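Visitor: need a 3D model of the following:
(3 chains, ligands or ions: 8)
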Amino acid sequence: MHKKIISRRQFLAAAGVLGGMSLLRPIWGLATGANAEAAAASGASTWVPSICNFCSSFCDIKVQTKESDGVRRIVKIDGNVDSPLNRGRICARGQAGLHQTYDPDRLKQPLIRVAGSKRGEWNFRAATWDEAYSYIVSRLQKINPWETSLVGGWTACVSYMHFSLPFCQTMQIPNIIASPLQHCVTAGHLGTDLVTGNFNVHDEILADFENARYILFSLNNASVAAISTARAVRFGEAKKNGAKVVCLDPRMGELASKADEWIPVKPGTDHAFFLAMLHTLLREKLYDADFVSKHTNAPFLAFRDENGSVHLAADAGKDGKPSNYYVYDAIGGGIRAVPAYTNSNDKAAGGARIQPALNAPAGLAWKGRKVSTVFDLFVEESEPFTPEWAAAITDIPASTIRRISIEFGQARPAMVDPGWMGARYHHLIGQRRLQAIIQTLVGGIDKPGGWMMSGEYHHRSEKAWHNIQHGVDNSKEPPVERPGMGFAHGLLDIFGNPAAWEHGKPALSFAWAMEQQKQGKPSAFLPAMADTGLYEAVRGELTFNGEPYRMKALIMNAANPIRHYFPAKRWEEILSSPNLDLVVAIDVLPSDTTLYADVILPNHTYLERNEPLLYPLGPETGIGYTTRLRAIEPLYDTRDTTDMLCEITRRMGKLEPYLDGIANYAGLDADMLKREVKAAQQAKKPLNEAFLKTAYVAMGKFSGKLTGKEMTGAEVEATIRDKGLLLLKNADEVVEEMNLPRKIPVPTMSGRLELFSPILESFTAKAGAQPIFNPVLGYVPRVLTEKGDKNNLGADEFYFTYGKVPVVSHASTNNNNALLAAVTEPKKGQFMGLWMNATKAKTLGLSNGQEVEITNLRYGPKVKATLFTTEMIRPDTVFLPSAYGSRNKKLSVAGGKGTALNELMPYSIEPIAASFMSQEFTVSVKPVNS
Amino acid sequence: MARYGMVMDMRTCVGCQACMAACSTENQTPFWSEKFRTHVEDKEQGVFPDVRRVQLPRLCMHCENTPCLSACPTGATHMDKNGIVLVNYDRCIGCYACCIACPYDARYAYDGKDVDKERELYGENVSHEMPHVDKCTFCVQRLAEKLEPACVATCPTHTRIFGDLDDSKSEVHKLARSGKAQPLNQGLGTSPKVFYIPS
Amino acid sequence: MTFVHQEVWHWQIATYLFLGGLGGATFAISAIIHLFEGCDRKMVSVAVMSSIAFLVIGTVFLLADMLQPLKAIYALTNPKSWIFWGVVFINFYFIAAITYVIPLLEAWPKLEPFIRKIPEPILGLLERFNNLAALGGSAAGFLVAIYTGLLISAAPAINFWNTPALPLLFVISGFSTGAAFLLLLSTFSDNEGAHKIASRLEQLDAVLIVTELIILGAYFNFAMFLPTGARASAEFLFHSPVFIAGFFVAGLIVPLAIETYSIFFRGHGNEGRKSALPILVASSLVLVGGYLLRIYVLKAGMFQFPW
Ligand SMILES: Nc1nc2c(c(=O)[nH]1)N[C@H]1C(S)=C(S)[C@@H](COP(=O)(O)OP(=O)(O)OC[C@H]3O[C@@H](n4cnc5c(=O)[nH]c(N)nc54)[C@H](O)[C@@H]3O)O[C@H]1N2
Ligand SMILES: Nc1nc2c(c(=O)[nH]1)N[C@H]1C(S)=C(S)[C@@H](COP(=O)(O)OP(=O)(O)OC[C@H]3O[C@@H](n4cnc5c(=O)[nH]c(N)nc54)[C@H](O)[C@@H]3O)O[C@H]1N2
Ligand code: SF4
Ligand code: SF4
Ligand code: SF4
Ligand code: SF4
Ligand code: SF4
Ligand SMILES: [Mo]
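Guide: Ligands and ions are numbered 1, 2, ... in the order given. Have a look, this model is predicted:
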C-alpha cells in the first residue's frame, strides 16, 4: 500500500503536477493523503478539514477545493458532519468565508508606514519581511519590556493563547489586552462562573436545549439564533421537540421571533426579573432540594458579622483557605463539618453519611454565633423582591413574572440560558450569577436539558481533582491547563503579580487598579487583560510605585480596537500618540486599525494556513480535538502568526526559551519541538508545521492517557484529515464519567456549586458592603445617569440597546465580504438600521429609511444612522446593529457603510472586572439637519 | 426515480441567511447582482406588543403542474425523472416567459455581465458558461454525490428538510402526508413540491 | 400576501406588444377593406408594407430583450407555450403579408423592375390568390394582435393580466390603433376612394373605442372586485397621471370626441374633403394612447406572492 502511494506520487511528480499538491501533503507522509492526491490529479474536488474563523463558536468545517488550469481554488465550505458541535451546519458567515481569502482588498505583503506620514492616513510602502522584522525589533530593543502590550481579538485569544502567554513571559512583557474580555465575556461569564467555577478559553456553556422542556432567555440573540451555529442546531431541535421558549428582549430579534412568549422587558432591568423569579421559586418550593443540599454550598452554615456582612462558618486552614465548612445534619440533628474541597455534602469530614439540611433550626449557633444556612439567607434576602416589586421596574406584569417562574419551576428539565456577551450594565454580573443560581436550584447542571460544561473543562477539572487527591500542586501546572477559576487565578498570579516579573511590574491594567485603590479612586478588582491604564500610560501619566509606567509599543494581532473597543475616539488618540514608538498590526484585511499601524504584517487567511496546535472542540461536551489544515497554497506574501512571534523572539535572542515556554503551555515535547523547528527553518517552511507535528505526537500520548489507546502522531493526523477531528470521549461518556459536580468537584473555592460567593465576599471585605458585591443577593439598578436610574424620558429620548445580526461578526472586517453584503441587502433595515418603534416614530415625525442623528445624552457623542421603523421594539427603546461603520476606504465594500457603534460609546467600566458599561446612557434621535 | 421535495419548518427559521450564502457559493449564482435562487422573507405583523415576526424561506417549488414549463417555448425548462424542474442552459433563449409565468418568484436572469463577473471570481471552471434564466435545481450535482442540497445541509436550525416525497420512510413524506406541512398558494393548482409547517 | 411589480418585461416588450397589435390589426383591416370595399392598391400596399415593418421592428425589440436572441429558433419547440404560437402566427403573418402585398406593389412603377424579377408563374399565382391571401392575412393579423394579449395573460400570479378580458382589450385596442394608422395614411392619399374609406375607418375607430371603453369598464370592475394583485394594479393605474391623462383622456376620450364630432357634424360620405387636421390629431392620439396602454399594463403587472 505504502509503496504504491509513493510510486503514484513519483508518477505525478514526473507529470509535473506536484506543485499544486504539495499543500495537501500530510506532515507524516503517510497514505492518508492518497485520496486527496488522486483527486487533485484528476481535477476533481477535495475536502480539507478546518475550523471556521468568523466567531468564537469555532465550528468545524470542511473546505472543498477544485483544481482547474493548474490552480487549486476553494469552491465551497460546509459544516463537518462528524462534528458533535455544529453537526455539519454553518451560518452565512461560515458559508461566505472563502470570499475573505479571495477578497481583492486583502493585505498582500508587509507594509511599512512611509516616514513622515501620520498614523490614521493610509500611507504605506511595500516592504520585505526582513525589513518589517528589522523595523519592529530595532524599536523593541530600545524600550523596556513592560512598555509593550499585545492586543488580541478572539482569534488570537482562542487559537494563540499558548503562544501569546509564553511570548509575554519570555519577553517579559506583562501586558495583553484582549477584546473578548472587557467587551464580551468577563461580565456575563464571571457572573455564572462565580457559581459554577467555570472559566476557560471556551467557558461559554453549551446549553442542552434539545432536551429541555422550558427555556428562558434573557439578553440573548447572536449567542443562539443570530447566530452561534452550535447553539442554533440545538435550539432548532428544541423547537421541534416542543419546548416552551420564553425570551426577554426589548426588541424582537431573531431569537425572540422564535419564542412562544416574547417579553419586551424594559432595557437593563432583567436583574429585577430574575430576583423576583428566585423569590417565587423559593417560596413555591420549586427547586431540586436533594441536588441543592448535596452539591451546592446552600446548606453551609453562615453568619452575619458586626457590619452585617455574611461569612461562611468555616475553619481556617494553613494556606488561609478554609479547611472545613459546617452544615446542619438533618438525620443526626447536629452541626457537622464537611470537607473544604469536594463535590458532595453527603459525607461529613470524618466520612460519616449525613443529610445536610437546607433550613437550619431556629436559634442554631456555631462558635457562639447565630448561624443559619446559606439557603435560609437566600430566602431571607429575597423577601423584598416580589413579582410586584419587579413589575414596577421591568414593565412586565407581576402575574406574568409569577406565572413564568412557576411554569419554569414545574417544568423539568427547565433551563435558563447562561447568556454570553455581558458588557452592558452594572448588574450583568449579578444577573448572570442569578441565572446560574436558578439553574442550580432546579438541578440543571451537567445534566440533559441543562447546562453542559465543555469537554476540556471536564477533563481539566478531573485532572486537577486527581492531582489534589494525589497531593500534586495544581499551581505548578501552566495556567492554561488549570480548570475554571484555577485558570483565572493562574492568570492573576502572573499578570496581577509584580513578583512574577523580573522587572517587578505587573500588567499595567493591574498597576492602574492598584494605584487607583491606593488613591481611593474608582478601580476594578479583576481588570484581567483589560485596557485600564493604557490611555494614561501612553500619555505618560501612569505611575506605579512612584515610577513612571509608560506604554510605547503595541503589537495587535487579529484585533480591531478602532472599531470594537469603546470608545473609538480614545483609541484614535492612543494609536495616534507620538509617544508610541511602535504600532504593529497583524491582520488579513485593511481594518480601520491597520490605518494606525507603523508596520502591517499580513497573515494567511484561515483557509491558507495550518494551525500550530490541536484545539478542543469549542464548548462541546465531548472531548475531542481538531485543527485547521491548509486548503490552498497562500495567495500572497503572507505568513503565520507563529512564524512572526518566533522570528521576533529569535531576533531578540530568545527563541529557545520561547519554544520551551510554548512546549510547557501546550504540553508538547520540548526536544522534539526544537528539532522540528530547526528542520523547518532549514527547509524554509512555515513553523506551524513543526508545531503541529509535535502536537500530533502529544495528542497521541494524551489519547493513551485518556482512553487507554495510545496513537502515533501519524495516526492522529490521519484521523483528523479523514474525519476533521479526533473524538476521544463523546458527550454521554463525559457526563457519565466526569459529571460536574455529581462525580467530581467543580473548580470553585469549595468544589460545590456556590450560591454564596466567597469571591464577592472578598470584594465586600475590601470595598465595603454594596449591593454589587453582596455575596448573597443584591439588587443593582442600571446606572443611566450620574445619579443612577432614569425612568422619565424626554419626547425624543430613548434607552439605547445594540446587538449583533446574523450576517456579520463584531466590528470585524467580514462585512467587507461581498456575499455577506449581498445577503444583507434584502434586510438592510433589520440588519443595518436603527430600530425604532413605528408608532413612536410617527409621533416624532420620523419615517422609515430616514437619516437620523443619535446623540448620547449622557456623554455627548453623536452618530448618524438610517432609521428602521418597526412594531418589533418597545416605544421607549432604540436598537442599533453593532457591526458596521468601517471607515477605511481600502475596504471597498464595507468602508463608509452603516453606523459605528463605538463612536457613540463612552468609556465607562464597572468595578469588578472593568467590563464596559455600554448601554448605560440614554440617547435622543433627531432628523439629520434639524 | 424519486419525487424530490422539501419541507420548510417555519417554527425554526431564524432568518440567518445561511441558506442564501450556501446556495450562492455552491451554485455560483450572481450575488454581486443580488440575485439568488433562494430567499428568506422577513415579515412583521401586528402592533407592539402583539407582534409576530415571520421568517419564510422560499425557492422554486418544483411545481408538479408547472406554469414555467408550459410557458417555455424552447423546452429549455423541463422536469427531470426525479420531478426536479430544470433549465437547460444551452437551450434557453432568455425570453423570460417562464419568469412571468412563475407564481413564486423563483427565477432570474443570469445575464452576460453576470457570466463575466463569475469568470472573474471563480476562474475558468465555472458553472454558468452562457447567459440564461436560472433557478433552483435542488442542487442536482450534490444529489448525484449523495449530498443534500447546499441550503438544506447548512441550515443551522433544520428548517429545511429534503427528501423523496414518494419514499414512505422519509421525513418529507410523513410531514406532507400528515397535512402538517402545506404548500403555498394551493388555489393556483400548481401542486408545489415544497411544503410549509406554519410557525 | 405581497404585491410586487413585475420587473421582467419593460418598455421594450411594451413596444413589441404595441407594434404587434398595430401591425397585425393594420394588415387585418387593410385586407378586410380590400375584400369588402375594393382596393386602393397604393394605399393598401403602403399600409401592408408598414404593418410588416411594425412587426419586424417589434420583433427586433423582442429579440433585443432576450438573453440569447441568436437561438430564437428554439422557440418552436413547445406548443404549450404561447410564444411558440406567437412565432407561428408571426411567420404565418409574414408569409401571408408578403404573398398578399407583392401583386399590389405593381401599383408603384418604380418597383416594377424588382417585381419583374419574380418568375412569372409565381407572380401569376400570387395575383390569382390575392383575395385568399387577404383573407388569410386578416386572420393572421387578428391572431398576432390577440396573441400579444394571450402572451401576457398566461401569468397565474399576475392576476391583473391573468384574465381573458386582457387579450380582448389588446385586440380591440390593436384594431383601434390599426384603424387610426390607416386613417392617418388616408390623409396622405390623394385617391378619391381614400376619403370614403377614411370615413369608414373613422366610424370603425369610434366603434372600437366605444367597445374598448366597455371592455375597460368591465376589466377594471373585475380588477377592483377583490383585494388581490389585480386591484393593486388597477389602483396603481388610477394613480398614474400619464395613464389617466395620456391614455384614457387623450388616447380614448378626446379622439372619440373628435371622431364623433366629425362623423355627426361634419357631413357624410361623399360630401367632399374633410379638413385633415382633426383626423391627424385624433389618430395620432389613438396611436400614442395605444402605446401608453401597453406600457402601463406592463408596468401595472403585479405578482401576488403568498408571503
Ligand atoms: N462595535 C462592536 N464592538 C464589539 C462587538 C460588537 O458587536 N460591535 N462585540 C464585542 C465582542 S462580543 C467581542 S467577542 C469582541 C471581538 O472582537 P475581535 O475578536 O477583535 O473580533 P473581530 O472584530 O471579528 O476581528 C478583529 C480583527 O481580526 C481580523 N482577522 C480576521 N481573521 C484574521 C486572521 O485570520 N488573522 C488575523 N491576524 N486577523 C484576522 C479582522 O480583519 C479584524 O480586523 O468585540 C467586541 N466589540
Ligand atoms: N452573527 C454573529 N453571531 C455571533 C457573533 C458575531 O459576531 N456575529 N459573535 C459571537 C460572540 S463572540 C458573542 S459574545 C455572542 C453574543 O451574543 P449575545 O450575547 O446574544 O449578544 P447580542 O446578540 O449582541 O445581544 C443580544 C440581545 O440583547 C438584547 N438586549 C439589549 N439590551 C437588553 C436588556 O437590557 N435586556 C434584555 N433582556 N435584552 C437586551 C438585544 O436586543 C439583542 O437582541 O454572539 C456570538 N455569535
Ligand atoms: S457560528 Fe458561524 S461564524 Fe461562528 S464559527 Fe460557526 S459558522 Fe463560523
Ligand atoms: S438557513 Fe435555515 S434558519 Fe437560516 S434563514 Fe435559511 S432556512 Fe432559515
Ligand atoms: S416555482 Fe416557478 S420556477 Fe419553480 S416549478 Fe413552479 S413555476 Fe416553475
Ligand atoms: S427564458 Fe429560457 S427557460 Fe425561460 S421560457 Fe424562455 S427559453 Fe424557457
Ligand atoms: S436546493 Fe440547491 S439550488 Fe435550490 S435553493 Fe437550495 S441550495 Fe439553492
Ligand atoms: Mo463575544
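Visitor: and the contacts of stretch A:456-467?
Guide: The contact list for stretch A:456-467, computed with CB atoms under 8 Å, 6 or more residues apart in numbering or on different chains, reads A:198, A:200-203, A:453, A:472-474, A:477, A:481-484, A:486-487, A:616, A:621, A:623, A:706, A:734, A:738, A:740, A:744-747. All C-beta spots, glycine's among them, are computed from the backbone N, C-alpha and C.
Visitor: in it, what's buried?
Guide: Buried positions in stretch A:456-467, judged by neighbour count with 16 or more other CB atoms under 10 Å in any protein chain shown: A:456-465, A:467.
Visitor: burial count for the residue of the stretch 201-307 of chain C found nearest ligand 8?
Guide: Of all residues in the stretch 201-307 of chain C, C:Trp307 sits closest to ligand 8, with a separation of 33.5 Å (CB to the ion). By other CB atoms under 10 Å in any protein chain shown, the residues close to C:Trp307 number 19.
Visitor: please apply the same query to B:Lys169.
Guide: For B:Lys169, the count of nearby residues is 8 (other CB under 10 Å).
Visitor: return the subset of the buried residues of stretch A:456-467 lying in helices.
Guide: The helices, defined by DSSP state H, take in A:456-465, A:467 from those.
Visitor: what distance do you get for the residue of chain C found nearest ligand 1 to A:Met872?
Guide: Ranked by CB to the nearest ligand atom, the top residue of chain C for proximity to ligand 1 is C:Trp307, at 30.2 Å. Separation of C:Trp307 from A:Met872 (CB to CB, to the nearest Å) stands at 17 Å.
Visitor: likewise for C:Val56?
Guide: For C:Val56 relative to A:Met872 (CB to CB), the value is 55 Å.
Visitor: neighbour count winner among the two?
Guide: Between C:Val56 and A:Met872, A:Met872 has the larger neighbour count (other CB under 10 Å), namely 28 against 14.
Visitor: which residues touch the residue of chain C found nearest ligand 3?
Guide: In chain C, the residue that lies nearest ligand 3 is C:Trp307 (26.0 Å; CB to the nearest ligand atom). Residues counted as contacts of C:Trp307 (CB under 8 Å, 6+ apart) are B:41, B:43, B:56, B:58, B:184, C:1-2.
Visitor: now A:Asn324
Guide: A:314-315, A:337-340, A:349.
Visitor: only whichever of the residues you listed are buried, select them in ChimeraX.
Guide: Entered in ChimeraX, the line below selects the buried ones among the contacts of A:Asn324, by 16+ other CB under 10 Å:
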select /A:314,337,338,339,340,349
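Visitor: closest one to ligand 2 out of the contacts of A:Asn324, please.
Guide: Within these, the smallest distance to ligand 2 is 34.4 Å, found for A:Ala340 (CB to the nearest ligand atom).
Visitor: these two touch, right, that closest one and A:Gly317?
Guide: Yes - under the criterion of CB atoms under 8 Å, A:Ala340 makes contact with A:Gly317 at 6.6 Å.
Visitor: what's the overlap in contacts for the two?
Guide: Shared contacts of A:Ala340 and A:Gly317 (CB under 8 Å, 6+ apart): A:Ser323.
Visitor: residue nearest the middle of chain B, spatially speaking?
Guide: B:Leu59 (2.9 Å; CA atoms, centre = their mean).
Visitor: what's that residue sitting at in phi/psi?
Guide: phi -160, psi -170 (degrees, to the nearest 10).
Visitor: what is the rounded mean pLDDT of the one helix or strand C:Ile214 maps to?
Guide: In this structure, C:Ile214 is located in helix C:192-225 according to DSSP states H and E. The pLDDT scores in helix C:192-225 average 87.
Visitor: just how off-centre is that helix within its chain?
Guide: Its chain's average C-alpha position is 12 Å from that of helix C:192-225, according to CA atoms, centre = their mean, to the nearest Å.
Visitor: is that helix anywhere near chain B?
Guide: No - using CB under 8 Å from any CB of the partner chain, helix C:192-225 stays clear of chain B, with a minimum separation of 15.8 Å.
Visitor: so what's the residue nearest to A:Met252 when sequence neighbours are not counted up against?
Guide: Counting by CB to CB, 6 or more residues apart in numbering or on different chains, the nearest residue to A:Met252 once its immediate chain neighbours are dropped is A:Met872, at 3.8 Å. By CB under 8 Å, 6+ apart, the residues touching A:Met872 are A:251-252, A:257, A:835, B:44, B:48, B:51, B:53.
Visitor: can you put those in CSV and add distance to C:Pro156, secondary structure and neighbour count?
Guide: What follows is these, written out as CSV (distance: CB to CB, whole Å; DSSP: H, G, I helix; E, B strand; the rest coil; neighbours: other CB atoms under 10 Å in any protein chain shown):
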residue, distance to C:Pro156, secondary structure, neighbour count
A:Arg251, 38, strand, 24
A:Met252, 34, coil, 27
A:Ser257, 31, helix, 25
A:Trp835, 37, strand, 28
B:Glu44, 28, strand, 17
B:Phe48, 37, coil, 19
B:Val51, 32, strand, 19
B:Arg53, 29, strand, 24
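Visitor: among those residues, which one lies nearest to A:Val878?
Guide: Within these, distances to A:Val878 taken as CB to CB reach their minimum at A:Trp835, with 6.1 Å.
Visitor: isn't that closest one up against A:Glu871?
Guide: No - in this structure A:Trp835 lies outside contact range of A:Glu871 using CB under 8 Å: 10.4 Å.
Visitor: burial measure for the residue of chain A found nearest ligand 8, as a count.
Guide: Nearest residue of chain A to ligand 8, counting by CB to the ion: A:Cys184, 3.3 Å away. By the criterion of other CB under 10 Å, A:Cys184 has 23 neighbours.
Visitor: and if you look at A:Arg231?
Guide: The local packing of A:Arg231 (other CB under 10 Å) involves 27 other residues.
Visitor: for A:Asp789, see how far away it is.
Guide: According to CB to CB, A:Arg231 stands 32 Å off from A:Asp789.
Visitor: same check on A:Glu676?
Guide: From A:Glu676 across to A:Asp789, the span is 59 Å (CB to CB).
Visitor: one more: B:Pro49?
Guide: Remark: distance between B:Pro49 and A:Asp789 (CB to CB) = 22 Å.
Visitor: return the closest of the contacts of A:Asn324 with respect to A:Phe58.
Guide: A:Ala340 (35.4 Å).
Visitor: so what's the closest residue to A:Glu851 other than its chain neighbours up against?
Guide: Nearest residue to A:Glu851, sequence neighbours excluded (CB to CB, 6+ apart): A:Val928, at 4.3 Å. A:Val928 sits next to A:850-853, A:864 when contact means CB under 8 Å, 6+ apart.
Visitor: may I ask which of those has the most neighbours?
Guide: A:Val852 (24 neighbours).
Visitor: keeping just the C-alphas, turn the host helix or strand of that residue into PDB.
Guide: For A:Val852, the host element (DSSP H and E) is strand A:851-856. This file holds the C-alpha atoms of strand A:851-856, laid out as PDB (Å, rounded to 0.1, in the frame of the first residue of the first chain):
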ATOM      1  CA  GLU A 851     -31.300  59.600   8.100                       C
ATOM      2  CA  VAL A 852     -31.200  60.400  11.800                       C
ATOM      3  CA  GLU A 853     -28.700  61.700  14.300                       C
ATOM      4  CA  ILE A 854     -28.300  59.800  17.500                       C
ATOM      5  CA  THR A 855     -26.900  61.800  20.400                       C
ATOM      6  CA  ASN A 856     -25.600  60.200  23.600                       C
END
